[in-house]
Structures are given as C-alpha cells and as structure tokens.
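Trainee: Need a 3D model of the following:
(4 chains)
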Protein chains: 2
Amino acid sequence: MARDSAATRARILAAAIDEFGAYGLAGARIDRIAEAAQANKRSIYVYFGNKEALFAAAMTHIVDDISTSVPIDTDDLPDYVGRIFDYYLANPSVVRMAMWLPLERPPQGPDETDAYAKKVAALSASGSPANDLDASDVVMFINALAQAWFMSPDSLRAADGLDPNSDERIARHRAALVETVRRMCG
Amino acid sequence: MARDSAATRARILAAAIDEFGAYGLAGARIDRIAEAAQANKRSIYVYFGNKEALFAAAMTHIVDDISTSVPIDTDDLPDYVGRIFDYYLANPSVVRMAMWLPLERPPQGPDETDAYAKKVAALSASGSPANDLDASDVVMFINALAQAWFMSPDSLRAADGLDPNSDERIARHRAALVETVRRMCG
DNA sequence: CGTCCACAACTAACCGTTGAGTTACTACGA
DNA sequence: TCGTAGTAACTCAACGGTTAGTTGTGGACG
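Mentor: Okay, here's the model as predicted:
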C-alpha cells in the first residue's frame, strides 16, 4: 500500500460524508468510517481531531462543493432549483447531511452563514426576484422545495402509482419543482 | 406520589417526544427521558418495550395528533399550510421529530403511509388542486414549505436584518408561505 | 370494621456491550 | 537512521437493558 497522506485524508473524508449522511452525527461510527475508508481509526484522529471535527470538516467540504458546483443564478431561479435537485439526486449523502445539519448541530460546528448571506444579498440586489417576497424567505423555500423529494417517505413518493425510482417519475417531480418556483417568482 | 399508570405513561410519552425531537433516535437518552418524565427508567421498558418502540409510539402519537389538529382542506390549500405552520410553531418538538423521521427510520418503525395516502387521494379526488401538478408532488411541496422555516439555520432566518424570533418576522414568513402556496395552486 | 394479602406501581443498583479516544509499537522511505 | 504513515490492542465512560427488591392500594375475609 502506497503511503499517501493526502489520499488517505480524502478517503476518510469521503467515507465520513457517506457515514454521517447515512446515520447522522450521533449514529455514525468512527470504526465504520475507518473501515470504509480502508484507513486506520487512529489516522482519523491524526487528520481531523475528533468525531465532531470530522463532521464539521465533512460539512464544510460539501458546502464548498455545492456552492461551486451549483452557482446561483438570480435571474433564473426555476433553473437554479432544477440544478440543485440534479445535484442532490447525484449526491444522496449530501442531501442527507444537509437535512441533518439543523438537527444535530455540533456546538463548534461549521457556520454556513456566509454561503447563505451571499445568496440572500445577491437575490436582494438583483432587483425583484419574486416580486414582493423577502429574499431570505425565497431562499428558504427554494432549499426546502429542492429537498422535498428526499425528505418524503417512499410511500408518499409512490402515492400516485408510479415507481418512485423510475426516471419518468423523477423527471415529473423535477418538472413540478421547476414549475412551482416559476409560479412563486410570478 | 400518586400511583397512576396512565398518567405516568403519558408523562413518559411527552418527555420522549421532547427528547427525540431534541436529539433524534440515536442521540436520545433513556435516562434523560425518565428524569424529565419524573418516572423510573424501568417503567419505560414496562410501558413501551424498548427505545425503538418508544420512538415508534411517540411518532404515531404525533402523527395522530397532527392529522386531527390540522385537517386538510383540499379547497383551500394556502390556508392549510398556514395552519400547519401555526401548529409547528406551537409544537417545535413535533417538527423536529417529523424532520428526523426520514433520516432515522427504525426498522420496525411506524408507517405513516395511510396518513399520506389519504391526503393524496383527497387531493386527487377534489378535482384540480394545483392545475396540472401531481397530487403527491403537491403534498410533498406543502410539507416541505411548511417546514422550511424550521430547517433553516438561524443565520438565514436573520438574513434580512429582523430578529428571527420576533412576531413580525414570523408573521411575514407565514404570509410568504401562504402566498407561495396560493401561487403554486394558480 | 379491622387486618391481612396479592398485585400493581415504583425504585435502585447492577450488567454487558458498545464505541470514542489512546498508547505503544512496527514498517516504510528518503 | 530518522521521521512519518500505519496498525493492533487497550482503556474507560456511557448507555441500553435487566434483576431483584420495596412501597402503596384495594379488596377478601373473619
């Protein structure tokens, strides 16, 4: 096995995102992360300090990734939600971590204030995003709508009879999502 | 201390809702629930079996409570979200449990299929709730929008300068919520 | 009407396991 | 041969769950 500290660190981080996404902060197991990363438990402590710090590192990593991968376009919010949805679909662990963040917030956890503040500022500055609604409310709604599919139980996703894992069903939902934001923005 | 098994059971259930709401299934502590309920740990096992069963009992309790407290009105969806929001505001532990459910689903957990299926069916039957959107998507969006405020970090809630705990700010958000659903329904 | 008894509610101390974090050590590579 | 990456074995506290025992209550019976 090659000795590459950067690669090991990256493997640990990737495994941590999956583990925290699957089980949350309290439910995640350091041993499982080590095993999945094919790294030793000890190296996690060497590279990241402790469980909470690892969680924080994973969180900042995904926040960075999402804000570069899915830049906001204040002139086309419907398209923006669509792209967030696509990103979530491709990165299930990321949505789940995002859902966990407000629930299990470590005391010294990462503060995504800046990422949100920038979006709200950009939206406010861009004139009238959604006519008379507050920019911060619009950001909240867009986030919530993009996550709706993932926070719904399977039973609800299947409620209309289609297989919730089929491409058609997902495409329909995506279209509904984009259309909803279009209507919201007037 | 009076010996009243029904009262003790109810105290445990109430404490469990708070504890699970605050920490989730994995993070919740049986000892804390017992202490908060002013009951002995043992009685929890007598009345509910184990931790997961207690979680399930708490979940079915709130599902029941919410579906009776906030009946759906398929003819006035904007009003319906508003009422859900009010309920959530008055019962913070309930929102948090609802947010936790899709993340920490115990293997033998409660299945809220029926509650959702009924809503989707009612909505489908009532003609055109939101013109061309699937009823199940509409239900997802309504749920997500009603929860948006509670899953947003404080920094986002405060992004426009107002105190996020003030009545005015909350009223503005509620109005935005109702208006958004109104637009969604066309 | 008093007294005993059986059962239900309650309690405290304990047990076994799990899991975060550490220690002491080995192997690799420059 | 020195420093860094990696490993296995361990510690210790926390926590879910249990055992064994205590207290209060309500009813049967003399």
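Trainee: show me what contacts the closest residue to residue A:27 other than its chain neighbours?
Mentor: Spatial nearest neighbour of residue A:27, chain neighbours left out: residue B:26 (3.7 Å); criterion: CB to CB, 6 or more residues apart in numbering or on different chains. Glycine gets a C-beta too; all of them are placed from N, C-alpha and C. By CB atoms under 8 Å, 6 or more residues apart in numbering or on different chains, residue B:26 lies in contact with A:23-24, A:26-27, B:104.
Trainee: what do you get for residue A:126?
Mentor: Contacts of residue A:126 (CB under 8 Å, 6+ apart): A:74-75.
Trainee: redo that, cut-off 6 Å
Mentor: residue A:74 (CB atoms under 6 Å, 6 or more residues apart in numbering or on different chains).
Trainee: what's the spacing between it and DNA strand D?
Mentor: Using CB to the nearest atom of the strand, to the nearest Å, residue A:126 is found at 46 Å from DNA strand D.
Trainee: cool, and residue A:127?
Mentor: Looking at residue A:127 against DNA strand D, where the rule is CB to the nearest atom of the strand, the gap reads 51 Å.
Trainee: what packs against the helix-or-strand element of chain A with minimal mean pLDDT?
Mentor: Least confident helix or strand of chain A, by mean pLDDT, DSSP states H and E, is helix A:113-125 with a mean of 85. If you count contacts as 3 or more CB pairs under 6 Å, 6 or more residues apart in numbering or on different chains; DSSP states H and E, helix A:113-125 packs onto helix A:135-151, helix B:154-157.
Trainee: Those into CSV, with extra columns for mean neighbour count, distance to residue A:9 and mean pLDDT?
Mentor: Formatted as CSV, the helices and strands packed on helix A:113-125 follow (neighbours: other CB atoms under 10 Å in any protein chain shown; distance: least, CB to CB, whole Å; pLDDT from 0 to 100):
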stretch, mean neighbour count, distance to residue A:9, mean pLDDT
helix A:135-151, 24, 28, 96
helix B:154-157, 19, 28, 88
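Trainee: and DNA strand C, which of the ones you listed is closest to it?
Mentor: Proximity to DNA strand C, assessed across those by CB to the nearest atom of the strand, is greatest for helix A:135-151 (24.4 Å).
Trainee: ok, and does that closest one reach over to chain B?
Mentor: Yes. For helix A:135-151 and chain B, the contact criterion (CB under 6 Å from any CB of the partner chain) is met by A:136-137, A:140-141, A:144-145, A:148, A:151.
Trainee: Next up, identify which helix or strand residue A:160 is on.
Mentor: Per DSSP states H and E: residue A:160 is located in neither a helix nor a strand.
Trainee: and the helix or strand hosting residue A:55, C-alpha only, in PDB?
Mentor: Element membership for residue A:55, per DSSP H and E: helix A:51-69. Output in PDB follows, covering the C-alpha atoms of helix A:51-69 (Å, rounded to 0.1, in the frame of the first residue of the first chain):
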ATOM      1  CA  LYS A  51     -15.700  13.000  15.700                       C
ATOM      2  CA  GLU A  52     -17.300  16.500  15.800                       C
ATOM      3  CA  ALA A  53     -14.300  18.000  14.000                       C
ATOM      4  CA  LEU A  54     -14.600  15.300  11.300                       C
ATOM      5  CA  PHE A  55     -18.300  16.100  11.000                       C
ATOM      6  CA  ALA A  56     -17.500  19.800  10.700                       C
ATOM      7  CA  ALA A  57     -14.800  19.100   8.100                       C
ATOM      8  CA  ALA A  58     -17.300  16.900   6.100                       C
ATOM      9  CA  MET A  59     -19.900  19.700   6.300                       C
ATOM     10  CA  THR A  60     -17.700  22.500   5.100                       C
ATOM     11  CA  HIS A  61     -16.500  20.200   2.300                       C
ATOM     12  CA  ILE A  62     -20.000  19.700   1.000                       C
ATOM     13  CA  VAL A  63     -21.000  23.300   1.500                       C
ATOM     14  CA  ASP A  64     -18.000  24.300  -0.600                       C
ATOM     15  CA  ASP A  65     -18.700  21.700  -3.200                       C
ATOM     16  CA  ILE A  66     -22.300  22.600  -3.600                       C
ATOM     17  CA  SER A  67     -21.800  26.300  -3.800                       C
ATOM     18  CA  THR A  68     -19.200  25.900  -6.600                       C
ATOM     19  CA  SER A  69     -21.000  23.100  -8.400                       C
END
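Trainee: where does chain A have low pLDDT?
Mentor: Chain A contains residues with pLDDT under 70 at A:1-3, A:106-113, A:128-131.
Trainee: The longest helix seen in it: how far from the chain's middle?
Mentor: Longest helix in chain A, counting residues (DSSP state H): helix A:5-27. Relative to its chain's centre, helix A:5-27 lies at 14 Å (CA atoms, centre = their mean, to the nearest Å).
Trainee: Return the set of buried residues in whatever helix or strand comes next after it.
Mentor: Heading C-terminal from helix A:5-27, the first helix or strand you meet, by DSSP H and E, is helix A:30-36. Under the neighbour-count criterion of 16 or more other CB atoms under 10 Å in any protein chain shown, helix A:30-36 has A:33-34, A:36 buried.
Trainee: Contact residues of chain A facing DNA strand C?
Mentor: A:2-3, A:28-31, A:41-42, A:45, A:50-52 (CB under 7 Å from any atom of the strand).
Trainee: sorry, back to before: quickly name whichever of the buried residues of helix A:30-36 is closest to chain B.
Mentor: For the buried residues of helix A:30-36, the closest approach to chain B (CB to the nearest CB) belongs to residue A:33, at 15.2 Å.
Trainee: residue contacts, the closest one?
Mentor: A:15-16, A:19.
Trainee: repeat for residue A:16
Mentor: Residue A:16 neighbours (CB under 6 Å, 6+ apart): A:33, A:54, A:58.
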